[in-house]
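> structure for the following, please:
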Amino acid sequence: QVQLVESGGGLVQAGGSLRLSCAASGGTFSTYLMGWFRQAPGKEREFVAAFSRSGGLYYADSVKGRFTISRDTANHTVSLQMNSLKPEDTAAYYCAARRIDSYGYYYYTASYPYWGQGTQVTVSS
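Have a look, this model is predicted:
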């Protein structure tokens, strides 16, 4: 099964940028659909961005136009480029994976059985 390790979090001022990376190992990368979620203190984990089976991209309305998800198949990594960051983007960000033949909506945390440990993003005002 796949293991996921996130990196790239940190402290940034509002309006700044960060790039998160997720390294996948232990599985056949092409057989997994990848996504990013985040969880702020006291809140439920929420969807941020994900790939569809057809290779399309999905984004939460709150990040659309500011965040970009991408993947490097050769290096088994998925990235999340975050621009124009806002204080409300402050959260722990998690990389998630599910098998390409699995069922479930892309925006449900329950659709993803594999998770990284998370990386903290803090945006100061």
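
> quick one: contacts for the residue nearest the centre of the chain?
Most central in the chain under Cα atoms, centre = their mean is Trp36, positioned 1.8 Å from the mean C-alpha point. Counting by Cβ atoms under 8 Å, 6 or more residues apart in numbering, Trp36 touches 20, 22, 48-50, 69, 78, 80, 93-96. C-beta here means a position set from N, CA and C on the backbone, and glycine is covered the same way.

> check Tyr108 too.
Contacts of Tyr108 by Cβ under 8 Å, 6+ apart are Phe47.

> report the separation between Asn83 and Asp89.
10 Å (Cβ to Cβ, to the nearest Å).

> between the two, point out the one with more neighbours.
Asp89 (22 against 14; other Cβ atoms under 10 Å).

> grab the nearest non-local neighbour of the more buried one.
Leaving aside its chain neighbours, Asp89 sits nearest to Val123 (5.2 Å; criterion: Cβ to Cβ, 6 or more residues apart in numbering).

> any idea of the pLDDT on Ser52?
At Ser52, the pLDDT value in this model is 87.

> and which of the contacts of Trp36 is nearest to Ser62?
Val48 (8.4 Å; Cβ to Cβ).

> Lys86 reaches Gln13, doesn't it?
No. Shown here, Lys86 and Gln13 do not form a contact pair, counting by Cβ atoms under 8 Å, at 10.6 Å.

> overlap in contacts of the two?
Counting by Cβ under 8 Å, 6+ apart, the residues touching both Lys86 and Gln13 are Val123.

> compare these two (neighbour count), which wins?
Shown here are Lys86 and Gln13; by other Cβ under 10 Å, Lys86 has more neighbours (14 against 10).

> what's near enough to touch that one?
14, 123.

> how much space between Val96 and Gly15?
Small correction: residue 96 is Ala, not Val. 27 Å.

> the two: who's more crowded?
Ala96 (24 against 11).

> which strands or helices does the helix or strand containing that one pack on?
Using DSSP states H and E, Ala96 sits within strand 91-99. Packed against strand 91-99 by the contact rule (3 or more Cβ pairs under 8 Å, 6 or more residues apart in numbering; DSSP states H and E) you find strand 3-7, strand 18-25, strand 32-39, strand 114-115, strand 119-124.

> understood, closing this out.
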